[in-house]
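model this:
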Amino acid sequence: MEIRLNTTSLTELETDCLVIGVSEDTSVEGRAKELDTLIADCLDSGDFKPKSGSQITLRKPQGLKAKRVVLLGLGKADAFDALAQNDAFVGLGKTLKGLPVTEATLDLTSLTQGHAGTLERLGYGLQWASYEYTTTKPKPADSEAKELNILSLIGSESEKKHFETGLTIGEGANLTRELGNLPGNTCTPRYLADQAVHLAERFPKLSCEVFDEDAMAEIGMHCLLSVSHGSDEPARFIILKYQGAKDATAKPKVLVGKGVTFDTGGISLKPGAGMDEMKFDMCGAATVMGCMQSICDMNLEANVIGVIAAVENMPSGAATKPGDVVTTLAGKTVEILNTDAEGRLVLCDALTYVERFDPEAVVDIATLTGACLIALGKHNTGLLSTDDALADELFQLGKETGDPCWRLPIEAPYQKLLDSNFADMANIGGRDAGTITAACFLSRFTESYRWAHLDIAGTAWFSGGKAKGATGRPVPLLVNWLRA
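This next block holds a predicted model:
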């Protein structure tokens, strides 16, 4: 999409669609009498109430040269926080997408008050709304359809830069959504590896290394490989390295993504209802890909490593069985009591591997436990960490970006639930505190560096109906963490 700056007055502006933000605190612009009169008439008539996210589209507005005006309600300023902004701007993006226009103009002053974070969320919301899954469901051809491809901004160069940053983060989230939405027979571990290689080919500061199963076995990733034993699809271990810091020796921040491209549960077979959504069990890996694309497009001055552990979990005669004991890359043994608790088996070897990068901090992202959905619903991502400062940083960034997370504890009494009679630990701790015991398991492989775990089982995708599909979370949270 082409982004332009425009300095024409609001009354003289010739555009297919002019977008104005209207708050409940002050409904007048003060920059165009004709526009103020138009807004006042809409409010007085009751046709428009500037509640957060509300909209009205006006055709051929009197006194203006714009063909249309869209008024976007912003609610009260003190309540128009990041969450409200995301909802309002995504709604605006859907409206613009549905209008027969090729160009639109955004009045940044009324929409964002020049606030950097709000500008980024405006760009993000419009980009997020532009996404449409067509890979296996192509759109019918329509020769008369118009597509929005030019956005004019009434604002400054600095405001334009923040807006474009939001677009870039949105593009990363949309890559995450696309990978998550792909069916499991397309998006396999090998497919993810190919996409990582292609991503690295696009950016000179990004490199990619892929381990096949023989290479993983040679270094001792037997716990990860135990998950892929039942599948005909071979596992892949993917490392994306971004060198953007001026100091080439600067410690990297590391993202580790769970990439179970389809999860049947293995021998501990899941119920059939809803199993189709287990194609989303690789959304942690997809998040890593989206984040890496965004920081490359932003030319971020930092060193970042993205690691993806990609497997398929299937039942077969070769599959790992409940009661089997496997050895991790760290040399610890694990009694596998439930093969459907496979994500932690994949991640523990990945988390052990990244120790060699001497990281500044590590965050893993995983659709790890259904228990997290029960505990926090679909609003907050689960956050667990052994480092208070890192946890606080992620929590605050979640609030600021409208991509929230909520911290759960990791404490010694929970660790005891993983005791095993036959191995150093079991891979599950029973029915109680499932999200916490999963993180406790992972924490045993992260003792040499600062680490946090994001359980996105409730936030990575929408279930059922027309909304069904990947959300792109927590790309906004993590890109802003990488920028911090």
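
which stretches of the stretch 351-484 of the chain form helices?
Using DSSP state H, counting those that start in this stretch, the helices of the stretch 351-484 of the chain run over residues 370-376, 388-401, 412-415, 434-443, 475-483.

Okay, domains of this structure per the record?
Using automatic domain parsing, the domain parsing of the chain gives 2-155, 170-483.

where in this structure is pLDDT low?
Judged by pLDDT under 70, the chain has its weakly predicted residues at 27-30, 143.

pull the longest helix from it.
Criterion DSSP state H: the longest helix present in the chain is helix 157-181.

Just checking the distance from the helix or strand following it to the centre of its chain.
For helix 157-181, the succeeding helix or strand toward the C-terminus, using DSSP states H and E, is helix 189-202. On the basis of C-alpha atoms, centre = their mean, to the nearest Å, helix 189-202 sits 18 Å off its chain's mean C-alpha point.

Run through who's touching helix 189-202.
Helix 189-202 is contacted from outside by 179, 182, 206-208, 210, 228, 233-236, 238, 240, 259, 261, 282, 285, 289, 292-293, 296, 308, 310-312, using C-beta atoms under 8 Å, 6 or more residues apart in numbering. For glycine as for every other residue, the C-beta is placed from the backbone atoms N, C-alpha and C.

Also stretch 415-422?
For stretch 415-422, contacts defined as C-beta under 8 Å, 6+ apart pick out 325, 334-335, 425-430, 432-433, 437, 440-441, 443.

do the same with stretch 42-49
Surrounding stretch 42-49, the residues in contact under the criterion C-beta under 8 Å, 6+ apart are 22, 27, 39, 50, 54, 56, 58, 71, 73.

If we go by neighbour counts, what in that stretch is buried?
Of the residues in stretch 42-49, those with enough neighbours to count as buried (16 or more other C-beta atoms under 10 Å) are 42, 43, 48.

Make JSON lines from these and add distance to residue 88 and secondary structure to it.
Conversion of the buried residues of stretch 42-49 to JSON lines gives the following (distance: C-beta to C-beta, whole Å; DSSP: H, G, I helix; E, B strand; the rest coil):
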{"residue": "42", "distance to residue 88": "17", "secondary structure": "helix"}
{"residue": "43", "distance to residue 88": "18", "secondary structure": "helix"}
{"residue": "48", "distance to residue 88": "14", "secondary structure": "coil"}
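
closest to residue 163 out of the domains of the chain?
Within those, the stretch nearest residue 163 is domain 2-155; the backing value is 4.4 Å (C-beta to C-beta).

now the end-to-end length of that closest one.
When the termini of domain 2-155 are compared using C-alpha to C-alpha, to the nearest Å, they are 16 Å apart.

Report the distance from it to the chain centre.
Here the centre of mass of C-alpha atoms in domain 2-155, compared against the chain's by C-alpha atoms, centre = their mean, lies 24 Å away.

How about stretch 215-233?
In terms of C-alpha atoms, centre = their mean, the centre of stretch 215-233 is set 27 Å apart from its chain centre.

circling back to that earlier point, of all the domains of the chain, which one comes closest to residue 162?
Counting by C-beta to C-beta, residue 162 lies closest to domain 2-155 out of the domains of the chain; the figure is 3.8 Å.

which residues touch residue 243?
With contact taken as C-beta under 8 Å, 6+ apart, residue 243 is in contact with 205, 207, 303.

Quick check: closest non-adjacent residue to the last one.
In other words, residue 303. Closest residue to residue 303 in three dimensions, ignoring its sequence neighbours and counting by C-beta to C-beta, 6 or more residues apart in numbering: residue 252, at 4.0 Å.
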